[in-house]
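> Pasting the sequence and the predicted coordinates here, then a few questions.
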Amino acid sequence: MKRVLLSITVIFLVLCLCGVGWGQKSFVVLGKSEQGEGAPNPTLEMAIKDGLTRAIEAVVVDMIAPQDMKNRQETLSEEFYRKTDAFILSYIILEETPLEAGYQVSLEVVVDTKGIESRLISLGLLKDRDEGPRLREVQVVVSGIKSYETYRAVEQLLSADAEVQGFSPTEITPPLFTWKVMMKGEIGRLADRFLSYDFGGLKVKVTASNSERLEVALSR
């Protein structure tokens, strides 16, 4: 039994080392490569490239005005979508699915959002603006994490939060996990996100909350 518990701890440690830092953002995306008239034969590599492009596009869309998206498509394609290597920090293939006439892949992608922002500013598509509320560090402590699925649900919540600029695990003692989170805004809003999030049927309770620390308990 001790050996099993040790293995679980090691597995969680390895999986949690992929936390996202400041100036980066993690996405789960689908990429496809399908046979079309006049198109080259589809390959798995083309499906991966499509997924990486979609991740970069998601960041760009969130940063610039819709009118610029429409009027500067060629510039965006040349500077970002055709140069995915410049802005993709890492990716993992989660699933490969053969299609009737091609391939589909599910990818977990980490994008260099700070690099994209800097390039948009240099192109005049994003003004170098006041950052607004000061970036600060808070601890998010979640107890009751007993599966990788639950751990990933917490990281997906943090990744999707607009005011969370980056995060990384700092303490791993299953079922208790602690993240260092760089964020703007009020921690109470993040607490509300936890309370309304679907953790696969788990009950969610905020046990403590202040300006520097949020404690959440998950239970059946």
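Structure's in. What do you need? Given the structure is predicted, the values throughout are model-derived calculations rather than measurements.

> what does the longest helix along the chain contact?
Scanning the chain for the helix with the most residues, using DSSP state H, yields helix 44-63. Helix 44-63 is contacted by residues 25, 27, 29-33, 40, 69, 76, 80-81, 84, 87-88, 91, 93, 96, 102-107, 109, 111, 113, 116-117, 120, 126 when judged by C-beta atoms under 8 Å, 6 or more residues apart in numbering. In this view, the C-beta of every residue, glycine as well, is placed from N, C-alpha and C.

> and with 6 Å instead?
Residues outside helix 44-63 that contact it (C-beta atoms under 6 Å, 6 or more residues apart in numbering): 27, 29, 31-33, 80-81, 84, 87-88, 103, 105, 107, 109, 111, 113, 116, 120, 126.

> Can you list which of these are found in strands?
Members of the contacts of helix 44-63 lying in strands (criterion: DSSP state E): Phe27, Val29, Gly31, Lys32, Ser33, Ile88, Tyr103, Val105, Leu107, Val109, Val111.

> What's opposite the residue sitting nearest the centre point of the chain in the beta bridge?
Nearest to the mean C-alpha position of the chain, by C-alpha atoms, centre = their mean, lies Ser26 at 2.1 Å. On the basis of DSSP bridges, Ser26 takes part in beta bridges with Val110.

> so it touches Ser159, yeah?
Yes: under the criterion of C-beta atoms under 6 Å, Ser26 makes contact with Ser159 at 4.6 Å.

> Which stretches in this structure count as strands?
Ranges of strands within the chain are 24-34, 88-99, 102-112, 136-143, 164-173, 176-183, 203-209, 213-219, based on DSSP E.

> and those strands as TSV, adding distance to Leu44?
Shown next, in TSV, are the strands of the chain (distance: least, C-beta to C-beta, whole Å):
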stretch	distance to Leu44
strand 24-34	7
strand 88-99	7
strand 102-112	5
strand 136-143	36
strand 164-173	31
strand 176-183	33
strand 203-209	39
strand 213-219	37
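
> quick one: which of those is nearest Val154?
strand 136-143 (5.6 Å; C-beta to C-beta).

> Now do that closest one against strand 164-173: the angle between them, please.
Angle of strand 136-143 versus strand 164-173, following axes from the mean of the first three to the mean of the last three C-alpha atoms, to 10 degrees, is 40 degrees.

> which other helices and strands contact strand 136-143?
Applying 3 or more C-beta pairs under 6 Å, 6 or more residues apart in numbering; DSSP states H and E, one finds that strand 136-143 contacts strand 176-183, strand 213-219.

> among those, which is nearest Thr150?
Closest approach to Thr150 among the helices and strands packed on strand 136-143 (C-beta to C-beta): strand 213-219, 6.7 Å.
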